[in-house]
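> Have a look at this fold, sequence not included:
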């Protein structure tokens, strides 16, 4: 532990059973560039090797300290860390996540410049090592549409749309003086922490840059609390958390009815997430009986506050679907409620052949301001062409202020792209070959929006364009843009269940490795004479994705579109390519062998 008395930042790491991720987390904190800092790693008596990994790490990092406490939950870990913190500022981090390079410097600078109580930035979700947006709700994203200071009641209320605690830096005295903490008796305690912090803040600084990568362990046996949405015990815990939120509103914020209403509405909507998870006919582990049990648990909770919830449902702006769900639960009409949830349509996955084109386009116009219409090339330059999917009289009311991208594979630099408002085209010519998450800042009817252009009118899930040796794909469901070089690799059989990957342009590739998703480890792939040998039987269990480092020091996956022999040897390729990329799981016999496996 550092003996420095004047500590700028204390980082509290909440650790429990993340031995394969904790070193990545600690490394990201050590890279922050803060001159004087301490890191308090509070381990909740992990049953794996987390404590040993941390002990090895701190031998070479005197600013880091391990605190092991009896197993009692992350909320109490956060309390202990904040109490022990000696820094002027404090940040909270989950031990399987990653802090973006330089994030804490940016956030602290904004607090000091604005005189704010805390500062917050954009979180990204990390699924199997790759970047996705974390903020699904448009109102959540809009909070981060521009660098600003929130200080009016309305602005601060809007911030409660996002309730993450780890994408922020707080003044330590602000938390202590206002007794802002996560209740130790609640499993879902982060919302209580954030609601109190937001309500007690006189100013909140917001930056429109990515500061935090939230790991979602999709293919891991160690499922986080957030990912246990459909577990029955989580339904009870959600009710307990909501009850605690109501109590805080009544006890502490009784003079601010609008803020209370904002909390109640937002929490009310999120209470029902587990029902959507359970009401899924493709979920083999859950069925109609589980759905009934969940509805009954909610009904018992709602009955305690029947008059209040009736008032809330009738006099709030919560979605009609939530009002419908509440009504059916209160009247025990579960059968039609179950069918309603099973039949739900996700606009991003609609099939154009099921709808008349006029009907489909009308549906888009109800939901999306901007879509990607096509990708085209002109005079040697490549453009994404946008379409404003609102009625014509509103088109002039939409101004695109900024278009930017982040590399999807751990590159944290924000890349601003040129946009021509006359042609409505984004110039992507100078982007290096890689995969990117695309985003737009726009103004609509005077409001600023952080927008993700997700749905194309053609409704194909992935659109692919070829321009000479370049291939551009755009995933309309996730706003993922991929630039690739055609015929970069050749796949060859090398005996039973073994393969050789030939590199047709050796100057394009610096390094090749498999990334094992479950264990968060790299397995080097040896190359010889521009050939890389792949033996899936030597790979560890779980998904193993083949990734290469480009000449531009960007990481991306080896995909079907880059294979020069995919048409000639389609049967062999279909055994190797899964979800558009080379991916093995427990050996070749378990790989999907279908036309679907060839799709990008």
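Good, I have the coordinates. The structure displayed is predicted, hence computed values, not measured ones. Residues are numbered from 1 along each chain as shown.
> Now residue 275: phi and psi?
The phi and psi torsions at residue 275 (degrees, to the nearest 10) take the values phi -60, psi -40.
> same question, residue 277
On the backbone of residue 277 - angles per degrees, to the nearest 10 - the values are phi -70, psi -40.
> distance of it from residue 82?
32 Å (C-beta to C-beta, to the nearest Å). For glycine as for every other residue, the C-beta is placed from the backbone atoms N, C-alpha and C.
> Is residue 400 in a helix, a strand, or coil?
Local secondary structure at residue 400 is given as strand here, using DSSP: H, G, I helix; E, B strand; the rest coil.
> partner residues bridging it?
In this entry, residue 400 is beta-bridged to residue 442, by DSSP bridges.
> Contact partners for residue 506?
Neighbour list for residue 506: residue 530 [criterion: C-beta atoms under 8 Å, 6 or more residues apart in numbering].
> And for the one 10 residues further on?
The neighbours of residue 516, taking C-beta under 8 Å, 6+ apart as the test, are 522-523, 539-540, 542-544.
> Now which of those residues would you call buried?
When burial is judged by neighbour count using 16 or more other C-beta atoms under 10 Å, the buried members of the contacts of residue 516 are 539, 542-544.
> just those now: which is nearest residue 272?
Using C-beta to C-beta, residue 543 is the member of those that sits closest to residue 272, with 30.8 Å.
> so that closest one makes contact with residue 518?
Yes - because the distance of 7.1 Å satisfies C-beta atoms under 8 Å, residue 543 is recorded as touching residue 518.
> where in the stretch 151-300 of the chain is pLDDT low?
For the stretch 151-300 of the chain, the stretches flagged by pLDDT under 70 are 185-189, 217-234, 248-259, 281-286.
> Sketch out the helices for it, chain order is fine.
When assigned using DSSP state H, counting those that start in this stretch, the helices of the stretch 151-300 of the chain occupy the ranges 153-159, 172-177, 190-200, 232-252, 257-271, 273-278, 288-304.
> burial measure for residue 43, as a count.
The number of residues packed near residue 43 is 23, by other C-beta atoms under 10 Å.
> Name the nearest residue to it, ignoring sequence neighbours.
Closest residue to residue 43 apart from its sequence neighbours, by C-beta to C-beta, 6 or more residues apart in numbering: residue 15 at 4.2 Å.
> With residue 432 instead?
In this structure, residue 432 finds its nearest non-sequential neighbour in residue 552, 4.2 Å apart by C-beta to C-beta, 6+ apart.
> any idea of the pLDDT on the one you found?
According to the model's per-residue confidence, residue 552 sits at a pLDDT of 87.
> That one reaches residue 413, doesn't it?
No - counting by C-beta under 8 Å, residue 552 does not reach residue 413; the two are 11.8 Å apart.
> what's the span of stretch 564-578, first residue to last?
Criterion C-alpha to C-alpha, to the nearest Å; first-to-last residue distance in stretch 564-578 is 17 Å.
> Identify each buried residue in it, please.
Residues of stretch 564-578 classed as buried by neighbour count (16+ other C-beta under 10 Å): 566, 569, 573-578.
> Any idea how far it is from the middle of the chain?
For stretch 564-578, the distance between its averaged C-alpha position and the chain's averaged C-alpha position is 32 Å (C-alpha atoms, centre = their mean, to the nearest Å).
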